[in-house]
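A.B. asks: sequence unavailable; structure follows:
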């Protein structure tokens, strides 16, 4: 009797094991099929960018669901470099020469911005386009454009204040405004020094970063959006927001610019104070009580209407991209886990645009400018840009 019972138990155990194995294989097959289906959707979205009509005055910036139309901007707009950058990044991901050809055509339209001294957004415009181009082609013309752009950007630097001026508007309110976004333009300066050997650009980048490090962060390591400096005392006179819900709120994308910008600073300098700030703000972001479980933040962590407010895919992508790089320096698994979580979340029908959506964008639900009540919960070009950058950085880890 005991022998029969033993045989029965063994057979029962084998059956359970068999069931577990079969279930695992089915799950793996389902996961592979789902991944394959998503890749097909992603390729379809890539092709929408390829099909978009070439026009030097109509860089695609966003899509209004309400108006059912693409918002198109000229090269002087701060977002113009992202579309060319997206094409370059898709080329890197796919190897498809059609994207390279189209990327070169769109990039060429931005060259004249190297003379535009009315904006601090030189990095966003020129480095996201020509910088990505240079990664794919060792092209002297691209290098010359980057150096000239750095020279133009440098004209906005105030040595006494120690910062690059961000905006020229609202002169009746602000004397010398500096926004946290400006950290993202310093990469252009560092690369210009590498290309030219002129250390002036490198020194300006460090001075700007040090001033930002000193003044732009709160005790909890979140960041204000705008600091306005007094042109006589050279000290901060206002600490406010322009795109967040309130002056003391944590605007989600602003936190992303800070994490990304100071991670980049560590890449070029290996100065631990930059790494420490990147980690501190990253930890503020990741541990915030209002960060949703899927990793896609509400557009502002302090919006009183949470959870009934828009998410911001662009903020998630900016942070995810930064944290892949930050993981490389720290080996903090939390950083890599967040980046992978964001990618897994975005690779769903909740966020990727459908096959028949006729606009040159990949993802929905980015958040633009609260101050203008514009581009709220829409496809926006820079959401796509940092998503693609995250994919590339994750791929490069392997």
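C.D. replies: Everything's here; your move. Quick caveat, the model's predicted, so the values are computed rather than measured. Residues are numbered from 1 along each chain as shown.
A.B. asks: hey, where'd the helices end up in the chain?
C.D. replies: 2-51, 80-94, 97-108, 122, 132-136, 140-154, 186-196, 200-215, 252-269, 272-286, 313-330, 333-346, 381-397 (DSSP state H).
A.B. asks: show me what contacts residue 260?
C.D. replies: By CB atoms under 8 Å, 6 or more residues apart in numbering, the residues touching residue 260 are 183-184, 318-319, 321-322. All C-beta atoms are positioned from the backbone trio N, CA, C, and that covers glycine.
A.B. asks: can I get those in TSV with distance to residue 216 and pLDDT?
C.D. replies: TSV is the format used below for those (distance: CB to CB, whole Å; pLDDT from 0 to 100):
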residue	distance to residue 216	pLDDT
183	9	98
184	13	98
318	16	98
319	17	98
321	20	98
322	16	98
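A.B. asks: quick check, nearest of the residues you listed to residue 45?
C.D. replies: Checking those against residue 45 with CB to CB, the nearest one is residue 321 at 18.3 Å.
A.B. asks: which one (most neighbours) among the contacts of residue 260?
C.D. replies: Using other CB atoms under 10 Å as the neighbour criterion, residue 319 leads the contacts of residue 260 with 32 neighbours.
A.B. asks: from residue 386, how far off is that residue?
C.D. replies: 9 Å (CB to CB, to the nearest Å).
A.B. asks: out of the helices of the chain, which gets nearest to residue 302?
C.D. replies: Nearest to residue 302, of all these, is helix 252-269, at 9.7 Å by CB to CB.
A.B. asks: how far does the closest one sit from the chain's center?
C.D. replies: Its chain's C-alpha centre lies 10 Å from the corresponding centre of helix 252-269 when counted by CA atoms, centre = their mean, to the nearest Å.
A.B. asks: next, the angle helix 272-286 makes with it.
C.D. replies: Orientation check (axes from the mean of the first three to the mean of the last three CA atoms, to 10 degrees): helix 252-269 against helix 272-286 gives 150 degrees.
A.B. asks: so for helix 252-269, what gets flagged as buried?
C.D. replies: Neighbour-count burial for helix 252-269 flags 252-269 (criterion: 16 or more other CB atoms under 10 Å).
A.B. asks: that one relative to helix 333-346, how many degrees between them?
C.D. replies: 130 degrees.
A.B. asks: so what's the nearest residue in space to residue 280 that is not next to it in sequence up against?
C.D. replies: Excluding its sequence neighbours, the residue lying closest to residue 280 (CB to CB, 6 or more residues apart in numbering) is residue 221, at 3.9 Å. Shown in contact with residue 221 (CB under 8 Å, 6+ apart): 277, 280-281, 283-284.
A.B. asks: out of the residues you listed, who has the most neighbours?
C.D. replies: Result: residue 281 is most packed of the contacts of residue 221 (other CB under 10 Å), 30 neighbours.
A.B. asks: can you list the low-confidence ranges for this protein?
C.D. replies: Scanning the chain for pLDDT under 70 picks out 1-36.
A.B. asks: and the residue most central in space within it, how far is that from residue 338?
C.D. replies: What sits nearest the mean C-alpha location of the chain, by CA atoms, centre = their mean, is residue 318, with 2.8 Å. Counting by CB to CB, the separation of residue 318 from residue 338 is 12 Å.
A.B. asks: that older thread, the residue nearest to the centre of the chain contacts residue 257, doesn't it?
C.D. replies: Yes: counting by CB atoms under 8 Å, residue 318 touches residue 257, with 6.7 Å between them.
A.B. asks: residue contacts, residue 271?
C.D. replies: residue 265.
A.B. asks: oh, that last question was meant for residue 343, not what I typed.
C.D. replies: Counting by CB under 8 Å, 6+ apart, residue 343 makes contact with 320, 387, 390-391, 394.
A.B. asks: same deal with residue 390?
C.D. replies: 317, 320-321, 324, 339, 342-343.
A.B. asks: list the contacts for residue 89?
C.D. replies: 132, 385, 388-389, 391-392.
A.B. asks: most widely separated two among those?
C.D. replies: It's 132 and 391 that sit farthest apart of the contacts of residue 89, by CB to CB, at 13.6 Å.
A.B. asks: comparing those two, which residue is more hemmed in?
C.D. replies: Ranked by neighbour count (other CB under 10 Å), residue 132 and residue 391 place residue 132 first, with 26 against 23.
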